[in-house]
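A.B. asks: okay, sequence plus prediction incoming.
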Amino acid sequence: MKDLQYSDCYYVGKILRAHALHGNVAALFDVDTPQAYLKSKLFYLPTKDQGLQKYSVSDIKHTGGQSFLIKFKEINTREAAESLTGVELFLPISTLPKLTGNLFYYYEIIDFEVVDKKLGSIGKVREVKEMPAQDLLVVPYQNVEILIPIVDSFLISVNRTEKTLYMDLPDGLLDVYLEES
């Protein structure tokens with residue numbers, strides 16, 4: 001069986017500190033629906049050699065907001081729990097619920113073709129930049145890297161079979177990038 005790689009996983013959150021005496025940890029999750037993780041039976045944590053190691057969950061409690069208390073079967077002392085402070089938590093991408101319609105995970109639209117309602121094909125999504133104010137699609141267009149805001153009002157539809165994002169971009173958006181070059 002092949003070892004799990006970072007590219008096979010998504011970031012869930014990180015361990016903040018040890019909690020109590022028997023190996024529990026307090027964790028902060030960076031997810032949209034924290035309660036969905038109450039049934040998690042395992043997490044993957046980074047190892048010193050840049051791999052990922054599976055840790056089995058014996059108990060998990062949602063303590064409010066994005067906060068959780070987790071007891072791993074492999075961790076039985078406060079000292080062992082303290083050694084996990086700051087460690088990130090991952091789960092396999094295969095555990096994500098399947099999205100339909102115009103909902104998508106950023107990882108799945110890499111290399112999707114962006115087709116504008118008026119201009120036609122723009123290019124393929126090279127990456128998604130997560131910015132504080134607005135997440136952006138990075139798409140090469142006429143030898144220039146353009147940034148397209150990920151906004152519901154711009155997105156017409158997502159076609160997973162064709163690997164295409166159909167969009168209705170505002171007039172002049174692409175011109176801003178072309179005038180700079």
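C.D. replies: On my side now, so go ahead.
A.B. asks: for the longest helix along the chain, packing partners?
C.D. replies: For the chain, the helix that runs over the most residues, judged by DSSP state H, is helix 173-180. Secondary-structure packing of helix 173-180 (3 or more Cβ pairs under 8 Å, 6 or more residues apart in numbering; DSSP states H and E): strand 144-149. The way it works is simple: take the backbone N, C-alpha and C, and place the C-beta from them, glycine included.
A.B. asks: so what strands line up beside the strand it packs on?
C.D. replies: Partner strands for strand 144-149, per DSSP bridges, with pairing direction: strand 136-141 (antiparallel).
A.B. asks: quick one: the partner strand to chain centroid distance?
C.D. replies: For strand 136-141, the separation from the chain centroid amounts to 18 Å (computed by Cα atoms, centre = their mean, to the nearest Å).
A.B. asks: please save the CA atoms from it in CSV.
C.D. replies: These are the backbone C-alpha positions of strand 136-141, laid out as CSV (Å, rounded to 0.1, in the frame of the first residue of the first chain):
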residue,chain,number,x,y,z
LEU,A,136,-8.7,34.5,-6.8
LEU,A,137,-8.3,32.2,-9.8
VAL,A,138,-4.9,32.6,-11.4
VAL,A,139,-5.2,32.1,-15.2
PRO,A,140,-2.7,32.8,-17.9
TYR,A,141,-4.3,34.8,-20.8
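A.B. asks: circling back to that earlier point, only C-alpha atoms, please: export the longest helix of the chain in PDB.
C.D. replies: This file holds the C-alpha atoms of helix 173-180, laid out as PDB (Å, rounded to 0.1, in the frame of the first residue of the first chain):
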ATOM      1  CA  LEU A 173     -11.600  43.000 -16.200                       C
ATOM      2  CA  LEU A 174      -9.200  41.400 -18.600                       C
ATOM      3  CA  ASP A 175      -8.300  44.800 -20.200                       C
ATOM      4  CA  VAL A 176      -6.900  45.900 -16.900                       C
ATOM      5  CA  TYR A 177      -4.200  43.200 -17.100                       C
ATOM      6  CA  LEU A 178      -3.600  43.600 -20.800                       C
ATOM      7  CA  GLU A 179      -3.000  47.400 -20.500                       C
ATOM      8  CA  GLU A 180      -0.300  46.800 -17.900                       C
END
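A.B. asks: sounds good, over and out.
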